[in-house]
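[1] Here is the input, now give the coordinates:
(chains A and B)
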There are 2 protein chains.
Amino acid sequence: MQLLVQKYGGTSVATTDRIVHVARRIADAKREGFQVLVVVSAMGHHTDELLRLARQVASAPPPRELDMLLTAGERISMSLLSMALQVQGHDAVSFTGSQSGIITDTRHADAHILEVRPQRLEQALAAGRIAIVAGFQGMSLEKEITTLGRGGSDTTAVALAAALGAVRCEIFTDVEGVYSADPRLVPRAAKLDALGHDEMMELAAQGARVLHPRCVEIARRFGVTVHVRSSFTQAKGTVIGAMESIEKVVIRGIACDEEVATLTVAGVPSGQCAALLEALGSQGIATRVVVQTGHGDSGELVCLLQRDDAVRAAAVLQTRLRQLPSARLVQDHEVASLAVVGEGIQSHPGTTAGILSALAAENVPVALVSSSALAMICVVPQRDARRAARALHTRLGLDAP
Amino acid sequence: MQLLVQKYGGTSVATTDRIVHVARRIADAKREGFQVLVVVSAMGHHTDELLRLARQVASAPPPRELDMLLTAGERISMSLLSMALQVQGHDAVSFTGSQSGIITDTRHADAHILEVRPQRLEQALAAGRIAIVAGFQGMSLEKEITTLGRGGSDTTAVALAAALGAVRCEIFTDVEGVYSADPRLVPRAAKLDALGHDEMMELAAQGARVLHPRCVEIARRFGVTVHVRSSFTQAKGTVIGAMESIEKVVIRGIACDEEVATLTVAGVPSGQCAALLEALGSQGIATRVVVQTGHGDSGELVCLLQRDDAVRAAAVLQTRLRQLPSARLVQDHEVASLAVVGEGIQSHPGTTAGILSALAAENVPVALVSSSALAMICVVPQRDARRAARALHTRLGLDAP
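    Numbering: from 1, shown residues only, chains lettered A, B, ... in the order given. Next up, the predicted model:
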């Protein structure tokens, strides 16, 4: 019997009514003849409510205790969902992250999965039971409770799909699939029926919020087919995977992220750039794009990163720069990133130029350009970002018919 | 260094402000030179809120999932309390029931502790850390999450105090100690400074709500001194234990329980009574008092039990009685129990008579009387219970000066 993994996000289980509705969808999958494993997030904004309580007690809550606190959220949603299935006559059983064998490193609030030991899940599935698993959480080798950070429940779902050899992993969310751009920013965005793991990686890495990059990375590495669908409709959604025939299109979509910042270090000896990036990495600060230019003592290092991390990152860099009197740090928090993603970016000559000329035609200044095999990222002023995204979307032929 | 176990109930940690306040009290104990282990309940009425959610999904929530759900409550309060201590500069660490080594049987919602394996707690305490433990919960030998039922957090605290050889177990609550009667029912009730384990057992068993009988039973068996105190004041509270000199008093106090019912089976062959009680026991229904009278085929069996259990108990008995056509079941849900507790009950001649004549003088009809070494229990109409309790309290010389 084939195994189907389904993941339901917080919006999908925000109320007990919705939990009952989700239980019906799960039962449908079971009836179709699958073994079913369900990963579930905390109800609605419950994680935020728990965070608020923590901040009433401690302005900087200790990470180990914060993980202990936050993991209560999925415990509540998963047990309610299991109850709802049982009431509908189905044999269901819930498991915490540690009961599911999600073994992580010890980095609280942003733990990474080291290994999955899914014996209890396998037993439950083999017995014909629907297994409900708490997303977002695991247990470290030191038997401490950990959480997986942003996108954690998606990561749990894909990791379990990989470990258990699921036929596919369905991610149920509050949108109908992956779009050529965020429909809230670009009204003409079109839903994509299918795209490859690599393309989804680029879109996710550049801020398309529908899937977290870590989850896509695991899916790509283990070849897990991911199906993004709405939990509120029966629409077809978007299939991400190694498909037999991915139509060759030039550009797949645009990711616009308005929650970024740039840090620029000017006058830095190029030999020192690595040390600066290591200092950021050792503090757990991820950089999304790094560009290094210049040479000798007049090098320049530009980092694009999440705005939430920018103040802390700047402090880390300032400390380092005390030993480099010639260097100067400039922060810009009023920027946004536009990432154009698709196989044609590099192979089709003129695409890069076309993107830049489209932005120029809209009088959008471009502070930084960086391109890779599948994506071209432009940093623009935040106030221009939506207008630029819409113009590019039209210019690149992505508008819905 | 001596170990002090403290337990804080839901009212004491109902808000983040109160959690911060409780953290200060814990820090005081640490400063006095104790090793400190704290057992904590869920915040305020959070357990009830979780139950409400469960009932929205399932009218009779499956017990295994209900335990999974409810244990989220203490996870939240304990991690917040640990954070509050850390913010105040103390080294604290929280542990779930299973991390604390609370090993139980598999009876969900009413599990009993089989064993305590407190290695992680011992390590934390030896390292000078304040250990915060989730009350009310444990893990079965089959690695399932369980809850201990009513009074569960008190039971956790006393069991850990016994396992770890604590000098005493302080139970912080919203009242100032154990009273000679419930002050809400008997305004002249006097706070008791000290009483013995046996006396507290009787008071608790007959419905004095300040401590649960299971917790007192463990305290008595392992000789744990229990100190009941208010978390809101510095008042002295009540010490329960094997004290060097417990003053010999005739009557210690009165427990009045208005949440009981009686089931009477008339016309039952006395040989069948055991089978009826076994049927109740096998369904997990506890009887508080059982009286059997008569002989031959015209025996009568009266059970006093919690009103919550009465309908279910009656159904169990009715099923059994199909095979006993002569028997007849009478339920009375409009009763209350009055238990007079003290060492003098049996040893002082005339006490029993004095109690009954006091009730007669108040025109309170007594439906059932049962007495043991330390207690005399009278079942009276619910509408008369408070009046009877006050009259007895005065007549027996218990009124506060």
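[2] Point me to the residue of the stretch 301-401 of chain A nearest chain B.
    Closest residue of the stretch 301-401 of chain A to chain B, CB to the nearest CB: A:Arg312 (19.9 Å). Glycine gets a C-beta too; all of them are placed from N, C-alpha and C.
[3] go on, the stretch 101-250 of chain A?
    Taking CB to the nearest CB, chain B has its nearest neighbour within the stretch 101-250 of chain A at A:Lys143, 7.2 Å off.
[4] Tell me who's in contact with A:Val210.
    A:Thr173, A:Val175, A:Gly177, A:Val178, A:Tyr179, A:Ala204, A:Val228 (CB atoms under 8 Å, 6 or more residues apart in numbering or on different chains).
[5] now the angle from the helix or strand containing A:Leu80 to helix B:72-87?
    Per DSSP states H and E, A:Leu80 falls inside helix A:72-87. For helix A:72-87 against helix B:72-87, the angle by axes from the mean of the first three to the mean of the last three CA atoms, to 10 degrees is 180 degrees.
[6] Mind giving me the packing neighbours of whichever helix or strand comes after helix A:72-87?
    Using DSSP H and E, the helix or strand that follows helix A:72-87 in sequence is strand A:92-95. For strand A:92-95, the packing partners by 3 or more CB pairs under 8 Å, 6 or more residues apart in numbering or on different chains; DSSP states H and E come out as helix A:72-87, helix A:119-126, strand A:130-134, helix B:63-70.
[7] Kindly reformat the ones you listed as JSON lines containing distance to A:Pro401.
    Listed next are those as JSON lines, based on distance: least, CB to CB, whole Å:
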{"stretch": "helix A:72-87", "distance to A:Pro401": "38"}
{"stretch": "helix A:119-126", "distance to A:Pro401": "42"}
{"stretch": "strand A:130-134", "distance to A:Pro401": "40"}
{"stretch": "helix B:63-70", "distance to A:Pro401": "47"}
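[8] so which of those comes closest to A:Leu392?
    Within the helices and strands packed on strand A:92-95, the stretch nearest A:Leu392 is helix A:72-87; the backing value is 38.0 Å (CB to CB).
[9] Using PDB, list the CA coordinates for the closest one.
    Taking C-alpha atoms only, helix A:72-87 is exported to PDB below (Å, rounded to 0.1, in the frame of the first residue of the first chain):
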ATOM      1  CA  ALA A  72       2.700  22.700  23.400                       C
ATOM      2  CA  GLY A  73       1.000  24.200  20.300                       C
ATOM      3  CA  GLU A  74       1.200  21.200  18.000                       C
ATOM      4  CA  ARG A  75       0.500  18.900  20.800                       C
ATOM      5  CA  ILE A  76      -2.900  20.600  21.100                       C
ATOM      6  CA  SER A  77      -3.800  20.600  17.400                       C
ATOM      7  CA  MET A  78      -2.600  17.000  16.800                       C
ATOM      8  CA  SER A  79      -4.600  15.500  19.600                       C
ATOM      9  CA  LEU A  80      -7.700  17.400  18.600                       C
ATOM     10  CA  LEU A  81      -7.300  16.200  15.000                       C
ATOM     11  CA  SER A  82      -6.800  12.600  16.100                       C
ATOM     12  CA  MET A  83     -10.000  12.900  18.200                       C
ATOM     13  CA  ALA A  84     -11.900  14.300  15.300                       C
ATOM     14  CA  LEU A  85     -10.800  11.300  13.100                       C
ATOM     15  CA  GLN A  86     -11.800   8.800  15.800                       C
ATOM     16  CA  VAL A  87     -15.200  10.400  16.200                       C
END
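[10] Return the list of helices and strands in contact with it.
    helix A:16-31, strand A:35-40, helix A:46-57, strand A:92-95, strand A:130-134, helix B:46-57, helix B:63-70, helix B:72-87.
[11] okay if I get those as JSON lines plus mean pLDDT?
    Output for those, formatted as JSON lines (pLDDT from 0 to 100):
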{"stretch": "helix A:16-31", "mean pLDDT": "96"}
{"stretch": "strand A:35-40", "mean pLDDT": "98"}
{"stretch": "helix A:46-57", "mean pLDDT": "95"}
{"stretch": "strand A:92-95", "mean pLDDT": "97"}
{"stretch": "strand A:130-134", "mean pLDDT": "98"}
{"stretch": "helix B:46-57", "mean pLDDT": "95"}
{"stretch": "helix B:63-70", "mean pLDDT": "96"}
{"stretch": "helix B:72-87", "mean pLDDT": "97"}
